[in-house]
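**Student:** Sharing a model prediction with you, sequence too.
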Amino acid sequence: MNHEQMDIKTPEYVSLQFSLAGLGSRAAAFIIDQLILMVFNILCIILVIFIMKGMSSFPFFLEENTVPFAIAIIVIFIINWGYFFAFEFFYGGRTLGKKWMGIRVIQENGHSITLLSSFIRNLMRIVDSLPAGYFLGMLMVFFHSKHKRLGDLVAGTVVVHERGTKAKKKPSGIEKEILNRGLSKEELIIDEWALRSLGMKEWKLIRTYAHRFVQLPVTERKQLTGQIAEIMLPKIGVEATGHSDIELENLLLLLYLHLREEWEFEL
């Protein structure tokens with residue numbers, strides 16, 4: 001199936017192309033998220049009932065102490081609203097439903113969603129859900145040229161398909177090198193705020209390094225690795241000194257994997 005395309009020119013004059021997520025994939029993701037929240041809500045209510053049953057004889061416990069139920073209602077409200085806000089900001093614009101459907105939320109300039117954008121976007125769910133059953137939100141997604149609901153319009157966001165949903169390509173030279181070294185981005189833990197402080201300029205630098213990595217002679221590669229490490233590693237709280245050449249190379253390649261997930265959206 002061919003998805004509608006959207007071209008974005010970033011502030012760094014880099015042209016990115018995205019595949020817009022339509023009503024079908026967004027609705028499916030929302031249903032998955034709601035099912036997850038429904039299970040949590042049911043378990044929470046069952047837990048409260050058992051707690052209150054232990055506090056008093058059933059079925060008259062409701063008349064004696066309603067504090068646990070009040071607390072449960074507050075917790076359920078916070079979780080049901082905070083689920084979307086927290087996941088979209090801390091999980092790269094994806095809730096579990098969006099992850100399952102291969103879509104994510106980004107800003108209109110192609111950058112990752114910000115804390116403020118995520119807050120505004122999800123606060124507007126209250127309006128998008130009017131009059132019932134998310135009717136207004138679905139109506140806007142269906143008719144808007146970029147499939148935006150009101151929350152997207154106010155927050156300046158758009159929902160797109162993940163880069164990896166299309167046919168797999170043969171691994172490039174750097175991907176083969178990373179596989180041969182057995183590297184996984186989970187080996188390098190980067191603070192979320194440090195990662196988000198890295199912009200397109202840092203991504204272009206580390207991408208250029210990675211693409212030239214397998215082509216350079218060993219001597220030139222060592223020299224380039226040292227230069228890039230001195231620039232990039234302190235930005236994520238890692239000292240560039242005290243590491244062997246192989247360790248520095250691995251650190252930069254792991255950083256490349258982290259930034260690639262955030263920045264390389266080209267389809």
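**Tutor:** Done, it's in.
**Student:** what about G151, which SS state?
**Tutor:** Three-state call for G151 (DSSP: H, G, I helix; E, B strand; the rest coil): helix.
**Student:** Correction: the previous question concerned M38.
**Tutor:** Going by three-state DSSP: M38 is helix.
**Student:** mind listing what L233 touches?
**Tutor:** E239, A240, L248, L251, L252, L255 (C-beta atoms under 8 Å, 6 or more residues apart in numbering). C-beta here means a position set from N, CA and C on the backbone, and glycine is covered the same way.
**Student:** Which one of these sits in the busiest neighbourhood?
**Tutor:** L255 (27 neighbours; other C-beta atoms under 10 Å).
**Student:** Verify the stated contact: that residue with I206.
**Tutor:** Yes: with contact defined as C-beta atoms under 8 Å, L255 reaches I206; the gap is 5.9 Å.
**Student:** Please dump the contacts of L233 into JSON lines; it should also carry secondary structure and pLDDT for every row.
**Tutor:** JSON lines is the format used below for the contacts of L233 (DSSP: H, G, I helix; E, B strand; the rest coil; pLDDT from 0 to 100):
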{"residue": "E239", "secondary structure": "coil", "pLDDT": "89"}
{"residue": "A240", "secondary structure": "coil", "pLDDT": "87"}
{"residue": "L248", "secondary structure": "helix", "pLDDT": "92"}
{"residue": "L251", "secondary structure": "helix", "pLDDT": "92"}
{"residue": "L252", "secondary structure": "helix", "pLDDT": "92"}
{"residue": "L255", "secondary structure": "helix", "pLDDT": "91"}
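**Student:** neighbours of the closest residue to V214 other than its chain neighbours, just the number please.
**Tutor:** Distances taken as C-beta to C-beta, 6 or more residues apart in numbering put G173 closest to V214, at 4.2 Å, once the chain neighbours are dropped. Number of residues near G173 (other C-beta under 10 Å) recorded here: 13.
**Student:** and for L255 and I206, which residues touch both?
**Tutor:** M232.
**Student:** residue nearest the centroid of the chain?
**Tutor:** Among the residues of the chain, the one closest to the centroid is G92, at 1.3 Å (C-alpha atoms, centre = their mean).
**Student:** Got phi/psi on that residue?
**Tutor:** phi 70, psi 40 (degrees, to the nearest 10).
**Student:** so where do the helices sit in the stretch 101-250 of the chain?
**Tutor:** 115-123, 125-128, 135-143, 150-155, 173-181, 192-196, 200-213, 218-232, 245-263 (DSSP state H, counting those that start in this stretch).
**Student:** Return the helix or strand in the protein with minimum mean pLDDT.
**Tutor:** Within the chain, no helix or strand scores below helix 61-64, which has a mean of 50 by mean pLDDT, DSSP states H and E.
**Student:** Let's see the helix or strand following it as PDB, backbone CA atoms only.
**Tutor:** Downstream of helix 61-64, the first helix or strand assigned by DSSP states H and E is helix 67-90. The C-alpha coordinates for helix 67-90 follow below in PDB (Å, rounded to 0.1, in the frame of the first residue of the first chain):
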ATOM      1  CA  VAL A  67     -10.600   6.700  50.600                       C
ATOM      2  CA  PRO A  68      -9.000   3.700  48.700                       C
ATOM      3  CA  PHE A  69     -11.500   4.200  45.900                       C
ATOM      4  CA  ALA A  70     -10.900   7.900  45.700                       C
ATOM      5  CA  ILE A  71      -7.100   7.200  45.500                       C
ATOM      6  CA  ALA A  72      -7.700   4.600  42.800                       C
ATOM      7  CA  ILE A  73      -9.800   7.000  40.700                       C
ATOM      8  CA  ILE A  74      -7.000   9.600  40.900                       C
ATOM      9  CA  VAL A  75      -4.300   7.100  40.000                       C
ATOM     10  CA  ILE A  76      -6.400   5.800  37.100                       C
ATOM     11  CA  PHE A  77      -6.900   9.300  35.700                       C
ATOM     12  CA  ILE A  78      -3.200  10.100  36.000                       C
ATOM     13  CA  ILE A  79      -2.100   6.900  34.300                       C
ATOM     14  CA  ASN A  80      -4.700   7.100  31.500                       C
ATOM     15  CA  TRP A  81      -3.700  10.700  30.600                       C
ATOM     16  CA  GLY A  82       0.000  10.400  31.500                       C
ATOM     17  CA  TYR A  83       0.400   7.100  29.500                       C
ATOM     18  CA  PHE A  84       0.300   9.000  26.100                       C
ATOM     19  CA  PHE A  85       2.200  12.000  27.300                       C
ATOM     20  CA  ALA A  86       5.100  10.000  28.900                       C
ATOM     21  CA  PHE A  87       5.400   7.300  26.200                       C
ATOM     22  CA  GLU A  88       5.400   9.800  23.300                       C
ATOM     23  CA  PHE A  89       8.100  12.000  24.900                       C
ATOM     24  CA  PHE A  90      10.400   9.300  26.400                       C
END
